[in-house]
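>>> here is my input; please provide its structure:
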Amino acid sequence: MGRIVAVCRSDRKGEPKVNVNQGTLVAGHGLEGDAHAGPWHRQVSLLSMESIGRAREDMGELGPGDFAENLTTEGIDLLRLPVGTRLRTSRGVLLEITQIGKKCHSKCSIYQRTGDCIMPREGLFAAVLEGGPVAAGDHIEVTES
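Alright, predicted model coming up:
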């Protein structure tokens, strides 16, 4: 079982997100108020603190939201989860992994600031199957793989 370290959102795509500590995940949509939310397969993005920690070795001080992820996790090996895996939070939110990584079409502000972006390699994207509140400190676990 892992935990959610940060809940992050931004007003525009292609920029780092700000840790707002809590929010609402809307079924079929994503994180309420986030630029990436919408009725598509990449409603919510996830990245682990373990991935951010490895990136810090080469890129310096980085933290939750710097790679534009919505949910920063810790203690759950996101890199081993296949598409179709379902994750449940301690508040009942149900996510399904829909994509691993993504193609980066341009050098976004994240790349310009850090010199690299790990989301194309280590980020996961999910659809919100069952919505609800989400907050830093909530537990998150694999329910079906």
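>>> buried by neighbour count: which residues of the top helix by length along the chain qualify?
Counting residues, the longest helix in the chain under DSSP state H turns out to be helix 49-59. Within helix 49-59, the residues that qualify as buried are 49-52, 55, 59, counting by 16 or more other CB atoms under 10 Å. Bear in mind the C-beta positions are built from the backbone N, C-alpha and C, glycine included.
>>> pull that helix out as CSV, backbone CA atoms only.
Extracted in CSV, the C-alpha atoms of helix 49-59 (Å, rounded to 0.1, in the frame of the first residue of the first chain):
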residue,chain,number,x,y,z
MET,A,49,8.3,10.5,-5.3
GLU,A,50,10.7,7.7,-6.0
SER,A,51,10.9,8.8,-9.7
ILE,A,52,11.2,12.5,-8.6
GLY,A,53,14.0,11.5,-6.2
ARG,A,54,16.0,9.8,-9.0
ALA,A,55,15.5,12.9,-11.2
ARG,A,56,16.8,15.1,-8.4
GLU,A,57,20.2,13.4,-8.7
ASP,A,58,20.6,14.9,-12.2
MET,A,59,18.4,18.0,-12.1
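>>> lowest-confidence helix or strand of this structure?
helix 109-114 (a mean of 68; mean pLDDT, DSSP states H and E).
>>> give the rounded mean pLDDT of stretch 33-46.
Across stretch 33-46, the average pLDDT comes to 96.
>>> residues in contact with it?
Under the contact criterion CB atoms under 8 Å, 6 or more residues apart in numbering, stretch 33-46 has outside partners 9-13, 17, 23, 25-26, 28-31, 68-73, 78, 95, 98-99, 102, 119, 123-128.
>>> show me which of the residues you listed are buried.
Buried, going by 16+ other CB under 10 Å: 9-10, 17, 23, 25-26, 29-31, 68-73, 78, 95, 98, 119, 123-128, out of the contacts of stretch 33-46.
>>> in what helix or strand does the residue nearest the centre of the chain lie?
Centroid check for the chain by CA atoms, centre = their mean gives residue 46 as the closest residue, at 2.0 Å. Per DSSP states H and E, residue 46 falls inside strand 44-48.
>>> what residues sit buried inside the next helix or strand after the least confident helix or strand of the chain?
Reading on from helix 109-114 to the C-terminus, the next helix or strand found by DSSP H and E is helix 119-122. Using 16+ other CB under 10 Å as the test for burial, helix 119-122 gives 119, 122.
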